[in-house]
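Asker: Build the 3D model from these lines:
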Amino acid sequence: MNPLAEKAVHLLTDRGLTLGSCESMTAGLFAATIAEVPGASKTLLGGLITYDPRLKVALAEVSEESIEHYGIVSCEVASEMAKGAAKALQCDVCLSVSGNAGPTAQEGAEVGDVAIAIAYDGQIDARMLKLEGDRDGIRKAAVEAMLELLLEKII
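Answerer: Residues are numbered from 1 along each chain as shown. Take a look at the predicted model:
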């Protein structure tokens, strides 16, 4: 069990906050990591897997203009993902991730380029990351970064 996920679940539960996610490159790994913690059902509502850009638009209300102008892997798109998914899931806290885990560069994003965001308490905080490793390592590192961002905001 991930110690950061365990800490997050306990803090969210203690504060009566609900959690959701909107995941692209991690394809649900963040939500699965949270769900490994006993008692996660008290806080985790669910998540959107928006691997394809069309689902970012349809489910998370990401604007096509943002995707075209900023690219899929951008703070702007990650911010819209977090905000739109928070609305769709009706959760208090929502994290999002969009990135390129490899093996090759695509759509203007180099391998390891990752954007994460959190929507909480009426605000959105987004960050660009440059992660290293193989595909699996980059995906796991992105989840760790999301957990760190979550804890930073709710502590």
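Asker: where does the closest residue to Met1 other than its chain neighbours land on pLDDT?
Answerer: Excluding its sequence neighbours, the residue lying closest to Met1 (Cβ to Cβ, 6 or more residues apart in numbering) is Glu36, at 5.3 Å. To be clear about C-beta, it is placed using only N, CA and C from the backbone, and glycine gets the same treatment. In this model, Glu36 is scored at 98, pLDDT.
Asker: My guess is Glu36 contacts Ala5. True?
Answerer: Yes. Between Glu36 and Ala5 there is a contact under Cβ atoms under 8 Å: 6.6 Å.
Asker: neighbour count winner among those two?
Answerer: Between Glu36 and Ala5, counted using other Cβ atoms under 10 Å, the more crowded position is Ala5 (23 against 12).
Asker: Pull out the buried residues from whichever strand or helix holds that one.
Answerer: Taking DSSP states H and E as the criterion, Ala5 maps to helix 3-15. Neighbour counts over helix 3-15 (16 or more other Cβ atoms under 10 Å) mark 4-9, 12-13 as buried.
Asker: Now that helix: average pLDDT?
Answerer: For helix 3-15, mean pLDDT rounds to 98.
Asker: Residues touching the helix or strand immediately after it in the chain, excluding its own?
Answerer: Remark: after helix 3-15, the chain's next helix or strand is strand 19-23, criterion DSSP H and E. Contact partners of strand 19-23, identified using Cβ atoms under 8 Å, 6 or more residues apart in numbering, comprise 8, 12, 28-31, 34, 43-50, 56, 59-60, 81-82, 84-86, 89, 91-97, 146, 150.
Asker: Turn the buried residues of helix 3-15 into a markdown table, including distance to His69.
Answerer: Formatted as a markdown table, those follow (distance: Cβ to Cβ, whole Å):
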| residue | distance to His69 |
| --- | --- |
| Leu4 | 33 |
| Ala5 | 34 |
| Glu6 | 39 |
| Lys7 | 37 |
| Ala8 | 33 |
| Val9 | 36 |
| Leu12 | 34 |
| Thr13 | 39 |
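Asker: and of these, the nearest to Leu131?
Answerer: Nearest to Leu131, judged by Cβ to Cβ, of those is Leu4 at 16.0 Å.
Asker: gap between that closest one and Val114?
Answerer: Distance of Leu4 to Val114, given as Cβ to Cβ, to the nearest Å: 17 Å.
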